[in-house]
Structure formats: structure tokens, C-alpha cells
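# Give me a model of this one.
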Amino acid sequence: ADEESDDEEDAESLASMEDDDDQDEGEAHAMDLAKLQKTDPEFYKYLQDNDRELLDFKAEDMEFEDDEEMDETDEKPVLTSEILKTWQRSLIETHSLRTLRKLLVAFKSAAYMNDEDVETKWRVDSAAGK
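Below is the predicted model of the structure:
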């Protein structure tokens with residue numbers, strides 16, 4: 001019984017450490033952005049004009065994204081041509097780095113679509129007939 005309670009305490013301790021890490025990472029990113037504004041105002045202005053999503057970052061956003069990843073089931077979203085067209089428009093019109101990251105993740109999914117050993121975020125159906 002003592003061993004079980006030790007295991008539970010270890011699990012709780014690990015979970016709280018992971019939460020702290022997420023919070024620390026989010027806070028560190030926010031501090032980096034504030035420091036960037038002071039040290040390189042020209043680049044900060046560039047980010048304001050070209051990647052507003054990065055600057056609108058909040059530590060809570062990271063927590064929410066992690067929760068989304070944990071809630072995912074084995075069912076991956078299907079990568080469709082409509083999604084790709086939306087990303088294409090976003091890249092052309094806003095030069096969004098976040099969209100570029102999404103596109104790169106999707107590319108990896110497509111590159112490894114037949115390799116079951118590689119974990120991917122998207123399901124890519126055969127391109128035949130599409």
C-alpha cells in the first residue's frame with residue numbers, strides 16, 4: 001500500500017512539474033518577446049506587420065494547445081485540398097509563419113503516409129482521383 005501511495009505521489013509530482021514547465025516556457029516566450037521589443041525594435045515592427053499571431057502569444061495559449069494534443073484520439077484529421085488552398089492563401093496574403101509550420105507538418109505527413117513507424121499529425125489519403 002505504501003508503494004502505491006509513493007507511485008501516486010510521484011505521478012502527481014511529475015504532472016505538476018510538467019505544468020510548471022509549460023507555464024515557464026510560456027512565460028519565457030513572453031519575456032523574450034518583451035526583450036525583443038527593446039533590443040531590436042525594427043525586427044519587432046516587422047513581426048507586427050507580418051506575423052501578428054506570434055506577438056499575440058499568451059502563456060495560456062500553450063496550455064490550451066497541449067490540452068488539445070492530449071485530447072486527440074487515434075483519428076487524425078484528413079489533409080484535404082481545401083485545407084491546403086486555405087494555407088496557400090494565408091501564406092500569400094499574410095506571410096504567416098504559423099501557417100508555414102502547419103504546411104511543413106502536413107508535408108511530413110504526406111512524405112511518411114505509407115510508413116506506419118512514423119507518427120504524423122495528418123492523415124493523407126491517396127492522391128489518385130483527387
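# worst-scoring helix or strand of the protein, pLDDT-wise?
helix 59-71 (a mean of 49; mean pLDDT, DSSP states H and E).
# Not counting the helix or strand just after that one itself, show me its contacts.
Toward the C-terminal end, the helix or strand that comes next after helix 59-71 (DSSP states H and E) is helix 81-94. Helix 81-94 has contacts (CB atoms under 8 Å, 6 or more residues apart in numbering) with 50, 96, 99-100, 102-103, 106, 130. (Glycine included, C-beta is placed from N, CA and C.)
# Report the residue ranges of every domain in this protein.
1-71, 74-130 (automatic domain parsing).
# and these, which one's lowest on average pLDDT?
Sorting these by mean pLDDT places domain 1-71 lowest, at a mean of 62.
# now the helices: where do they sit in this protein?
2-39, 41-50, 52-55, 59-71, 81-94, 97-111 (DSSP state H).
# Please point out which parts of the last one sit buried.
Buried positions in helix 97-111, judged by neighbour count with 16 or more other CB atoms under 10 Å: 99, 102-103, 106, 109.
# Just give the closest residue to residue 125, not the sequence neighbours.
Closest residue to residue 125 apart from its sequence neighbours, by CB to CB, 6 or more residues apart in numbering: residue 78 at 6.3 Å.
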